[in-house]
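Q: task: produce atomic coordinates for the following.
(one chain, ligands or ions: 1)
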Amino acid sequence: MPETITITDNRTGDSIEIPIVNNGVSAAEWSKLLPGIWFFDPGFMATAACESAITYLDGEAGILRYRGYPIEQLAEQSTFLEVAYLLLYGELPTKEQFEHWKREITYHTFIHENVRKRFLEGFHYDAHPMGMLVSAVAALSTFYLDAKGIFDHESRQKQIIRLIAKMPTLAAAAHRFSVGMPFVYPDNSLDFTSNFLSMMWKVAEPRFEANPVLARALDILFILHADHEQNCSTTAMRVVGSSHADPYSATAAAAAALYGPRHGGANEQVIKMLMEIGHVDNVPAFIEEVKAGSERLMGFGHRVYKSYDPRAKIIKRTADEVFEVTGKNPLLDIALKLEEIALQDEYFLSRRLYPNVDFYSGLIYQAMGFPLEMFPVLFAIPRTVGWLAHWQELLDQDSKLARPRQVYIGPDARDYVPMSQR
Ligand code: SDX
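A: As a prediction, this is how the structure comes out:
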């Protein structure tokens, strides 16, 4: 059987046969047969917006691979900074390449003093740190005017390094501002994740010493959150990037998309949901409210995974190691009960709703002492790597400007009516 499809326009009897290539069918081909007719696909449920070689998902089998490497192996054996290199450049770095990469990132962690003193500290005292982060990333575009040189390879690489390196600094600065603590400068003697913890938690001690179990757990969480193919925020990155905006403006748009409770804001909502449920005994009643449509089981469901999110499995294991150090998060029992009941209930099984990456990650963040508002920020730090990898890929592919069509359902042509006659 040929690997093709045939579309027939029954109004004219005309047909076109189109090859199926890499599980894709070219829209340019069928639009020749159907000028002015658009495939209606709100939410892009069945639309491939690009070709990409970065991340592979199989939602049915619960498979996630970065550049072909299974997420389970990377979480077990790699580090976030090495995974960042892999996502951006397509191969695991040699020792020499990694040392150079680590040095580049380490020495770009500082932010311009005006960003902190005049910008971040200008926010209202109770500003949400994710709102501060989105704004600060956009503001960086005004500090690095060379960033508009997106086809200058050296400039592009410099902005990529700056963004990855400065995200933890901006994130920690937003937190320190929101709790009234003094800003902590990056400590270049620490690794990427320990330096972030130092900027978050250092008080009066001369040098912050991260608990190695917690630092490793956070590094694993960063690996798991680094990329996820064409999710909502990465799509935002690609759409804005396709206009050839600078990478700071595109990254700010992606971070804004991640802020939404349906996407990266879900981890914060999961904890609020667990706190609202309050006790294991209240779980059955909450499940009934979800089934009645008056509540949503945050941290469950996924556009692609119709089985258990492979990241959630790893996070659940990591939680046990963290709780050994921090003590068990009391909300864990409620989460476990929710999962136990939901995975036996027809409502969730028929809709193929399983725990996703956000269901357990918040329990770890909370046990580590991160305030709820910091949870989407903790998602944005690693996902910046994925956004930039896709941004770089779309530029290398010389992608077209993103400009979808629509199905118009508004009024037909009509004449203006003067105010006196309305
Ligand atoms: C992330 O895309 C990515 O890769 C995202 C991400 C990444 O790494 O970038 O994986 C990160 O965003 C994970 C998802 C985090 N969001 C949440 O946990 C919020 C709760 N989940 C949902 O709102 C929902 O599941 C979505 C938004 C994640 C996916 O929704 P879809 O694919 O648009 O599916 P849908 O809303 O059409 O739901 C299908 C059915 C509906 O029921 P019916 O109308 O058929 O009766 O399932 C129901 C929905 O009501 N449903 C849920 C539910 N999620 C879907 N019902 C209760 N609780 C839920 N969580």
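Q: go through stretch 141-154 and flag the buried ones.
A: 141, 144, 147-148, 150 (16 or more other CB atoms under 10 Å). C-beta here means a position set from N, CA and C on the backbone, and glycine is covered the same way.
Q: so what strands line up beside the longest strand seen in the chain?
A: The longest strand of the chain (DSSP state E) is strand 14-21. Strand pairing for strand 14-21, determined by DSSP bridges: strand 4-9 (antiparallel), strand 24-25 (antiparallel).
Q: Ala172 against Val184, yeah?
A: Yes: the pair Ala172 / Val184 is scored as a contact, 6.6 Å apart, by CB atoms under 8 Å.
Q: for the two, indicate the residue with more neighbours.
A: Ala172 (26 against 19; other CB atoms under 10 Å).
Q: which SS state does the more buried one fall under?
A: What DSSP: H, G, I helix; E, B strand; the rest coil gives for Ala172 is helix.
Q: report the distance from the longest strand of the chain to the chain centre.
A: Computed by CA atoms, centre = their mean, to the nearest Å, the chain-centroid distance of strand 14-21 equals 35 Å.
Q: count the residues that sit near the residue of the stretch 1-150 of the chain found nearest the ligand.
A: Proximity of the stretch 1-150 of the chain to the ligand (CB to the nearest ligand atom) peaks at Gly43, 6.2 Å away. Gly43 has 8 neighbouring residues, counting by other CB under 10 Å.
Q: for Lys328, same thing?
A: Lys328 has 14 nearby residues by other CB under 10 Å.
Q: what residues are up against Ser198?
A: 184, 186-187, 190, 207-208, 210 (CB atoms under 8 Å, 6 or more residues apart in numbering).
Q: that one: which element?
A: In this assignment (DSSP states H and E), Ser198 forms part of helix 192-201.
Q: whatever helix or strand comes next after that helix to helix 192-201, inter-axis angle?
A: Using DSSP H and E, the helix or strand that follows helix 192-201 in sequence is helix 212-224. Counting by axes from the mean of the first three to the mean of the last three CA atoms, to 10 degrees, helix 212-224 lies at 110 degrees to helix 192-201.
Q: related to what we said a few turns ago, what residues are shared contacts of Ala172 and Val184?
A: 199-200.
Q: hang on, the earlier thing: now do the helix holding Ser198, average pLDDT.
A: For helix 192-201, mean pLDDT is 98.
Q: the ligand contacts on the stretch 301-422 of the chain?
A: 301-304, 351, 353, 356-358 (CB under 6 Å from any ligand atom).
Q: make JSON lines from those and add distance to Asp281, pLDDT and secondary structure to it.
A: What follows is these, written out as JSON lines (distance: CB to CB, whole Å; pLDDT from 0 to 100; DSSP: H, G, I helix; E, B strand; the rest coil):
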{"residue": "Gly301", "distance to Asp281": "25", "pLDDT": "94", "secondary structure": "coil"}
{"residue": "His302", "distance to Asp281": "28", "pLDDT": "93", "secondary structure": "coil"}
{"residue": "Arg303", "distance to Asp281": "33", "pLDDT": "92", "secondary structure": "coil"}
{"residue": "Val304", "distance to Asp281": "34", "pLDDT": "91", "secondary structure": "coil"}
{"residue": "Arg351", "distance to Asp281": "25", "pLDDT": "95", "secondary structure": "coil"}
{"residue": "Leu353", "distance to Asp281": "23", "pLDDT": "95", "secondary structure": "coil"}
{"residue": "Asn356", "distance to Asp281": "25", "pLDDT": "92", "secondary structure": "coil"}
{"residue": "Val357", "distance to Asp281": "28", "pLDDT": "90", "secondary structure": "helix"}
{"residue": "Asp358", "distance to Asp281": "24", "pLDDT": "92", "secondary structure": "helix"}
